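S.K.: I would like to see how this sequence folds:
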Amino acid sequence: MNEKPMLFLPRLPARLDINQTAEILGFLTHEISVLLKAGLLKPLGKPARNGHKFFCAMEMSALAENREWLDKASHTVTKHWKDRNRKSKQLE
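M.R.: Residues are numbered from 1 along each chain as shown. Got it, this is the predicted structure:
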């Protein structure tokens, strides 16, 4: 795939990988797995748990414009890191 920034392409590809999805949605790449586990994102097809995942560009564009979804997704990511940090402090 061409390494041009996604936002400068005249048209998005039909399928987006995790990096492209993160760029469109405004999340960090490693936060996409948090959204997947929470059920807020669904990959195309039925990839293996450790398989390469693709997402529908039209769906990701719609989610990027949905304030309610963005709020819920942002809250989910924040909660994930809060919980994870709390657990690591308890183990120390």
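S.K.: so the closest residue to T21 other than its chain neighbours bridges to which residues?
M.R.: Once flanking residues are discounted, T21 sits nearest to F55: 4.7 Å by Cβ to Cβ, 6 or more residues apart in numbering. Heads up, the C-betas are built off the backbone N, CA and C, glycines and all. According to DSSP bridges, the residues that bridge with F55 are L16.
S.K.: residues near F55, how many?
M.R.: Number of residues near F55 (other Cβ atoms under 10 Å) recorded here: 23.
S.K.: touching, it and L12? I think so.
M.R.: No: taking Cβ atoms under 8 Å as the definition, F55 is not a contact partner of L12, at 10.7 Å.
S.K.: circling back: pLDDT value on the residue nearest to T21, please?
M.R.: For F55, the model assigns a pLDDT of 98.
S.K.: show me which residues of stretch 21-28 are buried.
M.R.: The neighbour-count check on stretch 21-28 (16 or more other Cβ atoms under 10 Å) flags 21-25, 27 as buried.
S.K.: now swap in stretch 69-80 and tell me
M.R.: 69, 73, 76-77, 80.
S.K.: contact partners for R15?
M.R.: 44, 54-57 (Cβ atoms under 8 Å, 6 or more residues apart in numbering).
S.K.: can you rerun that using 10 Å?
M.R.: Counting by Cβ atoms under 10 Å, 6 or more residues apart in numbering, R15 touches 21, 43-45, 53-57.
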